[in-house]
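Q: sharing a sequence plus its predicted fold:
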Amino acid sequence: MKTANYQKFPFVQVEKENKSCVTGWEAIATKINDDIASGKKLIAIETYQGVLNDEIIAGLKDAVKHDLWIDAAEAFKSEDEILKMTYPDVTDDRIFGYITRLNISDYLDNAKVEAAQQKAKTAGSGVVVVYGVGASLVLPNFDLLVYADMARWEIQLRMRKKLVNNIGITNNHEEFSIQYKRGFFVDWRAADRLKKQLFKKIDYILDTNAAGSPKMITGAAAQKGYQISVSRPFRVVPFFDPGPWGGQWMKEVMDLDRSAVNFAWGFDCVPEENSLLLRFGDVDVELPSINLVFFETNNLLGPKVHSRFGDEFPIRFDFLDTVEGGNLSFQVHPLTEYIQEKFGMHYTQDESYYYLDIDGSADVYLGLQENVDPEEMIADLRAAQNGEKHFDDEKYVKRWPMKKHDHISIPAGTVHCSGTGGMVLEISATPYIFTFKLWDWGRLGLDGKPRPINIEHGKNVIQWDRTASWVEKHALNLVEPLGEGDGWREERTGLNELQFIETRRHWFTGKVSHNTNGGVNVLNLVEGREAIVESPTNAFEPFVVHYAETFIVPAAVGEYTIRPYGESEGQECGTLKAYVRI
Ligand SMILES: O=P(O)(O)OC[C@H]1O[C@](O)(CO)[C@@H](O)[C@@H]1O
């Protein structure tokens, strides 16, 4: 096997020489002190959920010259009140909640805010610092705003290590899934709403994603970074996670930790949770890539996708590796009305599997056998769940042998799972936690506990007419040749007409012309070691991509070309492109 050339830390170069980023607590405090010396007196240090408060306070409290330091937590409602307020959205379920309508202001107790503001006044013309989630609301007339942002993947790692609490409560002892659920459905929604309001007012962004290695850039430098990012192809920083069915393929191809038990998922383009690295000189500042979606919405998504999805990035690319691993859980995803009513999501988890590679042989489980009796199948699933018997998948589910480069559509409501031996590039709608597991093959999760099964939700959404004959016609390799030219050919590979994503595959030895046509494109190099993305008008610098890398071409880019490059010069490459049908 050739050495891995997949880049794990892609970045966007913002400044060739670093002018805008300071590193280390001393330099950061000096910068803030310079602003204080120039007359700024009211300093708000607003934080996202998941920062390490102890580290930031130890780094800044003594070093930043102030007369009064107020912890924004002083102005919060009591934990009991917060638990009660958030309960309808957090719920008792182990996995699912409801997308909240709460704002950070709802966490604050008006009387306590008033008291904190009175306290601030006692400093007279002295310097007041308010620190923490909600600081900018406690000190709304701030004249310097420092925003400590966090990428969601790093927050999740901190939750697993029990290092952080959710907003307004002390719950780092809780199970990861419970903390994640509160983050996903409540905290991050409320914190994002505040971030969007503050965006234009941010003086400095503090990056503490790497503990012990703080960095700070001006709000203007971040905005410049976002603008550069959406004027060219770029990648977000992938993350990889083990799982009970995980495989060994990504370890080699993506050069991951060989000592890990396995890697199941590789999230290569989920801007909600990935990071964006903005490079200043040789310093990388890590920011949540969702910021681009919030603050460069039209340039990134294009006005039509924006108007349909709001400031959400609708397309997700991730990897599911079962090479030398197991089957995914046998599962189904909610229909649109179900995800809207039960969980408050706008759109549902429509999926597709693109088989990037196969280890010998691999099957996909997709659709039901003909003439399945729904009641009998649900009863058998329940019995399997109760440990009374093994679920007879052969009786109920259709299995299809897969080949490298096969592409299957999985509209919500279709039962499915990828079987052992397959390396899947999943090209799907962004929601990804709304999986109703029906059967987990009698195995345990990596934590030694059974993973939550959701037969009750599942039975409400399974489309019983999605049988083998339906799958064959509507979901399996919907490949249609569309055109060809000098050194290239184009095919449509899907998705099913019920899904909003269109996928196009190009096989090429020469240059292929693409156009975003005003909507964001997401691509992956599914064949070939290297290709180069270029602007026919030199609008952006040539961008080299490697095998299996996912990259985003913002709507604002318009025309671009892709051709084999470097080691792949003269050889046939393949790209898979996804965009929203508009
Ligand atoms: O539920 P499992 O077995 O972990 O399945 C894999 C998961 O990965 C996803 O495909 C998300 O990428 C979910 O649909 C699915 O739940």
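A: Cool, the structure landed. The structure displayed is predicted, hence computed values, not measured ones. Numbers count the residues shown, from 1 in each chain.
Q: D440 reaches P452, doesn't it?
A: No. The pair D440 and P452 fails to qualify as a contact (C-beta atoms under 8 Å) at a distance of 9.1 Å. C-betas here are computed from N, CA, C, even on glycine.
Q: which one of the two has more residues nearby?
A: D440 (24 against 16; other C-beta atoms under 10 Å).
Q: return the residues in contact with the more buried one.
A: P244, S329, F330, P450, R451, I453 (C-beta atoms under 8 Å, 6 or more residues apart in numbering).
Q: with I36 instead?
A: I43, V64, K65, H66, V127, L144.
Q: what residues does this protein put near the ligand?
A: Within the chain, the positions lying close to the ligand (C-beta under 6 Å from any ligand atom) are G243, W245, D318, L320, L328, S329, Q331, E426, Y432, T435, K437.
Q: which of those residues ranks first by neighbour count?
A: Ranked by neighbour count (other C-beta under 10 Å), these have L328 at the top, with 26 neighbours.
Q: wouldn't G510 be in contact with E484 here?
A: No. With contacts counted by C-beta under 8 Å, G510 stays clear of E484, the gap being 10.9 Å.
Q: re the thing from before, and the residues of the chain next to the ligand, which two are the farthest apart?
A: Greatest spacing in those, by C-beta to C-beta: D318 and K437 (17.5 Å).
Q: coming back round to it: PyMOL command for the buried members of the contacts of D440?
A: Typed into PyMOL, the line below selects the buried ones among these, using 16 or more other C-beta atoms under 10 Å:
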select buried, resi 244+329+330+451+453
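Q: just curious, which of the contacts of D440 is nearest to the ligand?
A: Distance to the ligand across the contacts of D440 (C-beta to the nearest ligand atom) is lowest for S329, with 3.3 Å.
Q: do I have it right that that closest one meets K437?
A: Yes. Counting by C-beta under 8 Å, K437 is a contact partner of S329 at 4.1 Å.
Q: what residues are shared contacts of these two?
A: Contacts common to S329 and K437, judged by C-beta under 8 Å, 6+ apart, are R451.
Q: going along the chain, name the helices of the stretch 101-250 of the chain.
A: 110-121, 135-138, 152-160, 176-182, 188-198, 219-229, 249-253 (DSSP state H, counting those that start in this stretch).
Q: how many residues are close by V113?
A: 20.
Q: report pLDDT for it.
A: Looking at V113, its pLDDT reads 98.
Q: who's in contact with N5?
A: R529, E530, H546, Y547.
Q: just W441 next, same as before
A: G326, N327, S329, F330.
Q: from E312, how far off is the first one?
A: Plainly put, G326 is 32 Å away from E312 if you go by C-beta to C-beta, to the nearest Å.
Q: one more: the second one?
A: Taking C-beta to C-beta as the criterion, N327 is separated from E312 by 31 Å.
Q: give me the more crowded residue out of these two.
A: A direct count of neighbours by other C-beta under 10 Å for N327 and E312 places N327 higher, at 23 against 20.
Q: would you confirm that that one contacts C417?
A: Yes. Using C-beta under 8 Å, N327 is in contact with C417, at 5.7 Å.
Q: any common contacting residues for those two?
A: Joint contacts of N327 and C417 (C-beta under 8 Å, 6+ apart) are Y365.
Q: residue contacts, the residue lying closest to W400 once chain neighbours are set aside?
A: Nearest residue to W400 in three dimensions, chain neighbours excluded: V364, at 5.3 Å (C-beta to C-beta, 6 or more residues apart in numbering). With contacts defined as C-beta under 8 Å, 6+ apart, the neighbours of V364 are Y353, R399, W400, M402, I408, H416, C417, S418, G419, G422.
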